[in-house]
Structure formats: structure tokens, C-alpha cells
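Engineer: Pasted the sequence and its predicted model underneath.
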Amino acid sequence: MREKPGAIIIHLDQSIGELRTEGDRVTGIDFLPHICILINQLVKRDHSIILVITQVIAAEDLAAIQRETSFVAIIADTSLETAMREHKFSTDGKKALFCSTDRLNRCIAVDGLHLDAVPHLVAAEWILEGRRLFFAKVLTKRKPDTKDIGILPYYIEKVEEGWLIIGLLTDEGMIRLCQAGATADILPFNYDTSDCGFLRIDSPAELSDICREGTSILAFDRNRLLLAFSSPGTKDIVSLPHAAHGALEMLVPSPELLLPAEDPEGFARRAKGFASALHHLSPEIIETSLARVPPTQQILELPDAKTFQRDAERYSGLAAPGISLPILSRHISHPDNLRAVQELVSELSALGYYAYTQSFVHNGQTLFNVIADMPGTGYFRIKPVVLKKLLTVLRKYPRPWPWPLLKKDLARTLGKKVFMELDRKAEGQLKNKLEEIFGIYQWYPWWKLREYTIGFGSQLVIFGSHLDSTAQGSAGGYDPATDPAPGMDDNASGIAAGLAVARYLIRFKGQLVHTVRLCFFNAEEAGLVGSKAYAARMKSMNAPVKAVICADMIGYNSESNLIFEIHTGYSDPAIRNLSLPLASMVETWASSLGSLQPAQIYSGTNVATGAPDRSLYDPAINRSDHGAFHQQGYPAIVVSEDYFANLPTEPGKDPNPNYHTAKDTAIDAVYGSAIASAVACAIKELATS
């Protein structure tokens, strides 16, 4: 079938990219690398691309972006509906498709604007090619890779039979899988106006109010249901009365799930090779990085209970020193969620970190993760005077960089001899390797910085916690837009841990090999939405994530046992094995600091609440933000209080009885700060070697 030119109306969201900002100005768009390639391919095939941005942008900035792109039009307004209705554009009679990850925006396009809608640009390309699409649950013995045609995964999991895949398949993809011996069940899921997600069921009581208006069961296995959410009225999907910790996991199309994760050691070898080549060509370009702190060196001023308590109170509305008004709720529907984001950015910046936000769209809202970086020295670095000239050149041009123009400037900046030799060695592909060769990575926002200090081979050591809260379990009803949701344990304790880690590690600024990145994820309570958007973004950019340590609910302790949990478990044993050393490191530091009982390390590959063998089972698999990183192939763990069932020989479990209620207003700060101390020391050790 001959492909007919069409028009694709793209909503700029986490599946596409993000606005590039410098101060108050919007200076461009950072598309995800594979999306940039796909857009260029679609334009070459005579498809029209119209970009919709749900943010007001100054006219001069919008015009500059328009000049630098091949889009037919770029529309920016406060909401999708006003942007689409009030701004006129033409599709020249071509078949028009609307593309957005967000369900509510797709519903607006379908119901209000009478457009066909798809959840991802990859699916739009397939439809324009005339392919039929199916939403299916597939069992296959071989894990698909990027060479496979016609698979857009929402979810991939290692199971006994091989691999479970849930996602969109083309007719050709279905045939290829069946020819390879796979089995596929087509599910009654309308991908144009619906979302889907897992709801995990730990007890029969939780089944009492699952199916409500706008939800339906697509499939079920073991202790979880695959639900479809279709009604615009089901905004607060997580508000099921018996929902346990991490019960909901939203599934979104993510081609990144098919990509291999960057090997940090391979990344380091390549970085050293590039540095060696640059130094050989011109000794004036490369210098050895600054002196580094030994991994075993300690600072006695570890996180203290008093500061930990104060931080948790400030972000749960119980006190407001340094904050203009109490933060009554961090629920994504409450206005104080944005205030919490802004306070974290301000506070982390004041501590000496480079703090910024990463946006994503969920249920018609633009929400923000908070990211804060302390750049690592790496093993080598470009001398500051050369780097400053190089960055000045790179900032002049939009991305993707116009190579003929950029080439002349780079030759002047680096010297013609150096540049020609590099270009020759790269066999004409230098433009594709530019960031890696010069240590200027897309996963590190160098364009926003006056001084770029990250070194060659610096990998990412990530601390993560979720910043949002909920009180959905409160008796008598709960309005997330107006009612308090203090969430002091869940998860202001995690926020306090992140700030404790930040204060501890800032003393080592300029001495750590690897970049410490503090991440505060939004919309975790809505199904790991923020961390999934972020982990997929890191994967698409080939980020060298060395380790991820998350903290979720580390404050509640009603006993003197001081037991805490570390969860490394994942369905894929290979990813679990990468994560185990992180758990051992946190456990070793906790033991050496002497305040906590030996950690309960869960390392299983199966979910089973109450199961006795922690080496076989882990009930927290995919139930906190570490799961978003596991799914993308990164080593990750989460530390928590004594939430899940203990062995018969151990004291009983000690979960917070005020979980997800307005009564979640108390923590044991001595206990929480002790866990934060072990995590801080482990992150420092990871960042020094």
C-alpha cells in the first residue's frame, strides 16, 4: 500500500521532549533523540507536522523556534483546547492525527475536535503507513529488541515462560511474533481515548470497589488486574478505598523499554579514550580532573534528627519556617503541589546544587519533577578556557545542529588541525558523537549553566524520592483539590532524606568523580507517573546511570527495634543482580553507623506479600519509584520502614496505621535520619569510584 502524506498534530509532552529554557526565555525544544530522527523521517516523506505547546511563549521566542524547525506550525497556549480551537492551521486536506501521551488531551481531540488520536508518535507513523494496530498481551520466549518491527511496548516483564509484553502491535509485528512461537491475546482496549495500568491486589477485601464507572478489567494474573481507564471523570484513579502501598502502576507507551541500558563501565572506557585522543592531538585541551576524596573518608556531621524532623514538618504543613505559608497538601490536584516544587528548587539551589525541573503531562495537567545536580569531576576534563569557547559556539545553533555552519566555528575554536583529525577519526560521524567526544551530554543541561564543570566519564548516582502526597484513605470522603494531605511519613520523610543527603554531600563538591543527582518525583501516588517519565527520558539519552537509591516512607517507627527494609527485587534476575550491591552497601553503612538493626534485604524475582523467603520474593517490585528505573534496565533499590510481613522469628511488621490519611502527621526522626545517613554515605562511596 502506498503511503499517503498526512498531518500529525503533536502535543509536546514527555514522550516527545521538553522546552529548552534559559531564565525566563524559551530558546528552543529538546526533542528526545529517537523522536528527532522520527520527525525528520516523517517530514522527508511529505507528512506535515504541527506542534502544540500548552504553555504561553513570548511571540519573539515562538517565532525563533518556528524558524529553526521544519514544522508547518507551532501553536502555544494555556490549554490544548484553546490552542486547537482559537488558532487556525491548515492540514491541506491531509489525514490528520493527534498525538499525545495524555488521555484527557486525546479525549479532547477525539470528542471535541473530531480528530483521530494516538498515544505515541511511533503509532502515528504506523497508521500513516496504513498498518492496523492491536493492543495485546504477548508471551514470547525471546525479548524483542529495536530490530523487531511493529512493537510499541507499554510494559515488559520476565516471566517463567519467557517475556510478557503488553502494548501496541502492528499486523506485521503480530505475524513476526507468531512466527517466532509467541502467543498473543488481543485486548479490548481503545488506545485513542483510554489509559491502562496495573492494580495490585493484596487481599480479597480490595476487590470490593474496583470496577466503577469509567474503568474495566482487561486482563488479570496472579495478584494484579490490568485495568482500562476511559472516562474523563476518573481523574483520581488511585482513589480506591482499599488500595495498598504502591497498588497502582500506570502503563504508557515507551519504546525506550526495548533499548539496552548504557553500561557505565563501557561509558567510562569510551570517555577515557576520547580524552586520550584529544590530549594526544592537543595537550592544551585536556587536563586531569581535580583531587578526589577517598571513598572511606567520613565527615562526622551526618544527618541529624532535629533537622530531619524540621524538614519533614515544613513539607507536610505542620510548620513553615522559611516557607511563606504551610504546604497543606502535595497531592497533584492541590495548588500546594506546585509550591512544594518551587520551594525544593529554591532550597536546593541555595545549598549549592544546580536545581531545575523536568515537566510531564498527566490527566490534563503539566506537573514537575525536581532535579538537582552536583557535577562530578570525571577522570579528565576540557580546560575551562577551551570549554567556554566551545559552549559559546554550540549555544549559537539550534538542535539538531546544522553541521556545515557548526563545522567552521568548531574548526576556529579547536584549531583546524585538531578538528580535521577528530573528524577523520570519527569517519564522518563526528556530528553524531559531538556531545560524547567533548563530554557535553544531553542528559546534563549544560546550556543553562554559565560554568560547565562535569568531567569526562562522570556517571550518574541518583537519589530519588517522591514529593507528592494523598489522603485518599481518610474517613468521610476526601477532596484532593482542597483537603489537607500532610503525608509526613509518605513521603515528607523521603523529602527530608533527600535534603539530608544534599547537605551532607555538598561538603564534597568538586571532589566526587561521578555526578550526584537528587530527584524528587511527582505523581508517584498516581502510578509512578513522574519517575517513569524521567527514567524513560534518561534511557532515551543513553544516560550512564550507575546507581539509583530511593527512599519511600522511612519515618514511621512505633517500636524500639529500628528495623528497616531494602528492596532490590525485580522480575529480571539480571537487573536484580545489578541492584544487589547497592543494598549491600547501604546495609554495610547502616551497620557501621550503629543506629539501626540489620537491614531486611528483599531480593526476590516474584511478588508475594507475606511470603517467608526474602531471597525468592519481594512484595515491593514495581511499587515505588525504583521500579521505573528497573524497567529501563538500571540498578536501583528503595529503602523503607518495616512495612511488609516479617519472618516468624522476627518482631511483627510495623506499618504506618495512618497511611494515606490526614492523620499521617508523625514520624520518628531519629530512625528516619539514621536511614538517611546510611543512604548518604552509600551515595558518597558510589560517587567516588
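Structural biologist: Cool, got the structure. Numbering: from 1, shown residues only.
Engineer: which stretches of the stretch 551-689 of the chain form strands?
Structural biologist: Under the criterion DSSP state E, counting those that start in this stretch, strands of the stretch 551-689 of the chain are mapped to 564-567, 600-602, 636-641.
Engineer: nearest to residue 53, of those?
Structural biologist: Checking the strands of the stretch 551-689 of the chain against residue 53 by Cβ to Cβ gives strand 636-641 as the closest, at 31.9 Å. In short, each C-beta sits where N, CA and C put it, glycine included.
Engineer: which helices and strands does the closest one pack with?
Structural biologist: strand 545-551, strand 564-567, helix 573-593, helix 626-631, helix 669-687 (3 or more Cβ pairs under 8 Å, 6 or more residues apart in numbering; DSSP states H and E).
Engineer: same thing but at 6 Å, please
Structural biologist: The contact analysis (3 or more Cβ pairs under 6 Å, 6 or more residues apart in numbering; DSSP states H and E) places strand 636-641 against strand 545-551, strand 564-567, helix 573-593, helix 626-631.
Engineer: Can you give the contact residues for the longest one?
Structural biologist: Contacts of helix 573-593 from elsewhere in the structure, counted by Cβ atoms under 6 Å, 6 or more residues apart in numbering, are 547, 566, 568, 570, 596, 599, 601, 605, 630, 635-637, 677-678, 681-682.
Engineer: Deepest-packed of the strands of the stretch 551-689 of the chain, please.
Structural biologist: Among the strands of the stretch 551-689 of the chain, strand 636-641 has the highest mean neighbour count (mean count of other Cβ atoms under 10 Å), at a mean of 30.
Engineer: For the contacts of helix 573-593, which two are the farthest from each other?
Structural biologist: The distance between the two most remote of these (Cβ to Cβ) is 30.0 Å, for 605 and 677.
Engineer: neighbour-wise, which of those two wins?
Structural biologist: Taking other Cβ atoms under 10 Å, residue 605 and residue 677 do not tie; residue 677 has more neighbours (23 against 19).
Engineer: tell me the contacts of that one?
Structural biologist: Going by Cβ under 6 Å, 6+ apart, residue 677 touches 302, 303, 593.
Engineer: what residues go with each domain of the chain?
Structural biologist: The record's domain split for the chain, according to automatic domain parsing, is 6-128, 133-258, 305-377+455-687.
Engineer: Out of the contacts of residue 677, which end up buried?
Structural biologist: Among those, the ones that count as buried by 16 or more other Cβ atoms under 10 Å are 302, 303.
Engineer: Mind putting the contacts of residue 677 into JSON lines with distance to residue 457 and pLDDT?
Structural biologist: Listed next are the contacts of residue 677 as JSON lines, based on distance: Cβ to Cβ, whole Å; pLDDT from 0 to 100:
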{"residue": "302", "distance to residue 457": "29", "pLDDT": "85"}
{"residue": "303", "distance to residue 457": "29", "pLDDT": "88"}
{"residue": "593", "distance to residue 457": "30", "pLDDT": "92"}
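Engineer: which among the contacts of residue 677 gets closest to residue 338?
Structural biologist: Using Cβ to Cβ, these come closest to residue 338 at residue 303, 26.9 Å.
Engineer: Give me the most central residue, the protein.
Structural biologist: With distances taken as Cα atoms, centre = their mean, residue 534 lies nearest the centre of the chain, 1.7 Å away.
Engineer: Okay, and that one sits in which element?
Structural biologist: helix 529-540 (DSSP states H and E).
Engineer: Compare the strands of the stretch 551-689 of the chain and give me the one nearest residue 248.
Structural biologist: Comparing the strands of the stretch 551-689 of the chain by Cβ to Cβ, strand 636-641 comes nearest, at 16.4 Å.
Engineer: Alpha carbons only: can I get the closest one in CSV?
Structural biologist: C-alpha atoms of strand 636-641 as CSV (Å, rounded to 0.1, in the frame of the first residue of the first chain):
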residue,chain,number,x,y,z
ALA,A,636,18.0,0.5,41.7
ILE,A,637,16.8,-0.1,45.2
VAL,A,638,14.3,1.5,47.6
VAL,A,639,14.7,1.8,51.4
SER,A,640,11.6,2.0,53.6
GLU,A,641,10.4,1.4,57.1
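Engineer: okay, the helix holding residue 534 in CSV with CA atoms only?
Structural biologist: Written as CSV, here are the backbone C-alpha positions of helix 529-540 (Å, rounded to 0.1, in the frame of the first residue of the first chain):
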residue,chain,number,x,y,z
VAL,A,529,4.0,8.6,36.6
GLY,A,530,6.8,11.1,37.2
SER,A,531,9.6,8.6,37.7
LYS,A,532,8.5,6.6,34.7
ALA,A,533,8.7,9.8,32.5
TYR,A,534,12.1,10.6,33.9
ALA,A,535,13.6,7.1,33.7
ALA,A,536,12.4,6.8,30.1
ARG,A,537,14.0,10.2,29.3
MET,A,538,17.3,9.1,30.8
LYS,A,539,17.2,5.9,28.8
SER,A,540,16.4,7.7,25.5
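Engineer: Please state the offset of that helix from the chain centre?
Structural biologist: Distance, stretch centre to chain centre, for helix 529-540: 3 Å (Cα atoms, centre = their mean, to the nearest Å).
Engineer: Residues contacting that helix, please?
Structural biologist: Outside of helix 529-540, the residues within contact range by Cβ under 6 Å, 6+ apart are 14, 32-33, 250, 254, 256, 259, 358, 360, 362, 369, 521-523, 625, 628-629, 632.
Engineer: Return a ChimeraX selection command for the buried portion of the residues you listed.
Structural biologist: For the buried members of the contacts of helix 529-540, the matching ChimeraX selection, counting by 16+ other Cβ under 10 Å, is:
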select :14,32,33,250,254,256,259,358,360,362,369,521,522,523,625,628,629,632
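Engineer: Narrow the contacts of helix 529-540 to those in helices?
Structural biologist: When DSSP state H defines the helices, the subset of those inside them is 33, 628, 629.
Engineer: The last one and residue 10, how far apart?
Structural biologist: Separation of residue 629 from residue 10 (Cβ to Cβ, to the nearest Å) stands at 27 Å.
Engineer: Make TSV from the helices and strands packed on strand 636-641 and add distance to residue 669 to it.
Structural biologist: Listed next are those as TSV, based on distance: least, Cβ to Cβ, whole Å:
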stretch	distance to residue 669
strand 545-551	14
strand 564-567	14
helix 573-593	16
helix 626-631	23
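Engineer: follow-up on the earlier one: closest to residue 350 among the contacts of helix 573-593?
Structural biologist: Nearest to residue 350 among those, with distances taken as Cβ to Cβ, is residue 677, at 21.9 Å.
Engineer: quick one: that closest one from residue 500, how far?
Structural biologist: Residue 677 sits 7 Å away from residue 500, taking Cβ to Cβ as the criterion.
Engineer: what do those two both touch?
Structural biologist: Common neighbours of residue 677 and residue 500 (criterion: Cβ under 6 Å, 6+ apart): residue 303.
Engineer: so what's the nearest residue to residue 602 once chain neighbours are set aside up against?
Structural biologist: Distances taken as Cβ to Cβ, 6 or more residues apart in numbering place residue 618 nearest to residue 602, at 4.0 Å, with adjacent residues excluded. Contact analysis of residue 618 by Cβ under 6 Å, 6+ apart lists 567, 569, 602, 604.
Engineer: Mind pulling up the pLDDT for residue 618?
Structural biologist: If you check residue 618, the pLDDT there is 94.
Engineer: Repeat that for residue 139.
Structural biologist: On pLDDT, residue 139 comes in at 94.
Engineer: which SS class is it?
Structural biologist: Per DSSP: H, G, I helix; E, B strand; the rest coil, the local secondary structure of residue 139 is strand.
Engineer: so which of the strands of the stretch 551-689 of the chain comes closest to residue 315?
Structural biologist: When these are compared by Cβ to Cβ, strand 636-641 sits nearest residue 315, at 17.6 Å.
Engineer: Note down every partner strand of the closest one and its orientation.
Structural biologist: Applying DSSP bridges, strand 636-641 is found paired with strand 545-551 (parallel), strand 564-567 (antiparallel).
Engineer: So which helix or strand of the protein has the lowest pLDDT on average?
Structural biologist: helix 430-437 (a mean of 64; mean pLDDT, DSSP states H and E).
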